[in-house]
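*Asks:* can't give you the sequence, but here's the structure:
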Ligand SMILES: [Zn+2]
């Protein structure tokens with residue numbers, strides 16, 4: 001009996017990374033921002049790649065020497081495999097945003113796993129992966145414990161949401177409004193959500209990067225933001241601590 005179970009486990013397959021246990025409250029694992037006392041900002045772009053806009057964005061981010069994370073969609077990668085390869089070769093962080101942009105909480109655990117793994121296979125074909133970050137389509141409203149178990153528990157991917165939605169996907173939103181939504185309330189640790197399938201991402205990104213750098217912020221990938229959150233740098237010693245005691 002035990003041998004049968006062991007065989008079944010082998011056939012199911014081994015997770016890509018060691019599987020940390022999902023806490024009782026799985027919502028603790030959703031990451032909406034990094035360390036607030038940092039000066040770090042993460043730019044993230046969802047639903048691509050797009051055959052025209054993503055190359056424009058790659059060129060701009062390279063010109064600005066600015067890292068970013070692209071949460072790719074399987075359907076978009078299947079349509080634009082060369083652009084996906086270009087993104088990976090250019091060194092941008094790739095995240096998993098599911099195969100079909102499904103409302104994952106309505107699916108079985110097996111189907112959720114297929115949504116993740118279908119895209120991972122395409123990312124691997126394009127020369128990348130495995131992805132370390134996963135963003136559920138529609139965010140927390142269409143996610144649940146099963147999604148966290150599959151992405152984080154089984155595959156070791158961090159679940160990354162966003163701090164504020166720029167709403168660049170709404171047709172009526174202007175580039176100025178996208179920029180203003182980021183700049184007006186910006187804090188260290190912000191994870192900014194845009195979409196490289198919409199034309200506003202390119203002009204908005206230029207203004208956001210130039211303005212926030214002028215204010216002293218630094219851009220990092222989503223994974224770097226999480227690493228800083230989990231392992232913050234030591235606090236600088238306070239002036240009192242360096243003064244010798246007088247007694
Ligand atoms: Zn999306």
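*Replies:* Perfect, thanks for sending it. On a predicted model such as this, the values are computed, not experimentally measured, just so you know.
*Asks:* all contacts plus neighbour counts: C-alpha atoms, from now on.
*Replies:* Fine.
*Asks:* would you mind measuring from the spatially closest residue to residue 208 that is not a sequence neighbour to residue 41?
*Replies:* What sits nearest to residue 208 in space, not counting adjacent residues and going by CA to CA, 6 or more residues apart in numbering, is residue 179, at 6.1 Å. Remark: distance between residue 179 and residue 41 (CA to CA, to the nearest Å) = 14 Å.
*Asks:* same check on residue 178?
*Replies:* 16 Å.
*Asks:* of those two, which one has the most company?
*Replies:* residue 41 (28 against 23; other CA atoms under 10 Å).
*Asks:* quick one: contacts for the more buried one?
*Replies:* 188, 189, 190, 191, 192, 217, 218, 219, 220, 225 (CA atoms under 8 Å, 6 or more residues apart in numbering).
*Asks:* can you flag which of the residues you listed belong to strands?
*Replies:* 191, 192, 218, 219, 220 (DSSP state E).
*Asks:* averaged pLDDT, the strand ranked longest in the chain. What do you get?
*Replies:* Secondary structure assigned by DSSP E gives strand 40-46 as the longest strand of the chain. Across strand 40-46, the average pLDDT comes to 98.
*Asks:* can you list the strands that it pairs with?
*Replies:* strand 69-72 (parallel), strand 191-195 (parallel), strand 218-220 (parallel) (DSSP bridges).
*Asks:* so of these, which one's packed in deepest?
*Replies:* strand 69-72 (a mean of 26; mean count of other CA atoms under 10 Å).
*Asks:* contact partners of the helix or strand following that strand?
*Replies:* Moving toward the C-terminus from strand 69-72, the next helix or strand (DSSP states H and E) is helix 74-79. By CA under 8 Å, 6+ apart, the surrounding residues in contact with helix 74-79 are 47-50, 83-84, 97-100, 118-119, 122-123.
*Asks:* rerun at 10 Å
*Replies:* 47-51, 80-81, 83-85, 96-101, 115-123, 126, 197 (CA atoms under 10 Å, 6 or more residues apart in numbering).
*Asks:* wait, does it make contact with the ion?
*Replies:* No: counting by CA under 5 Å from the ion, the ion is not contacted by helix 74-79; separation bottoms out at 10.9 Å.
*Asks:* buried residues, the helix or strand just after that helix. List them.
*Replies:* Beyond helix 74-79 on the C-terminal side, the first helix or strand identified by DSSP H and E is helix 81-89. For helix 81-89, a neighbour-count test (16 or more other CA atoms under 10 Å) marks 81, 83, 84, 85, 86, 87, 88 as buried.
*Asks:* could you do stretch 63-77 as well?
*Replies:* Per 16+ other CA under 10 Å, stretch 63-77 contains these buried residues: 66, 67, 68, 69, 70, 71, 72, 73, 74, 75, 76, 77.
*Asks:* what do you get for stretch 140-159?
*Replies:* In stretch 140-159, counting by 16+ other CA under 10 Å, buried: 143-159.
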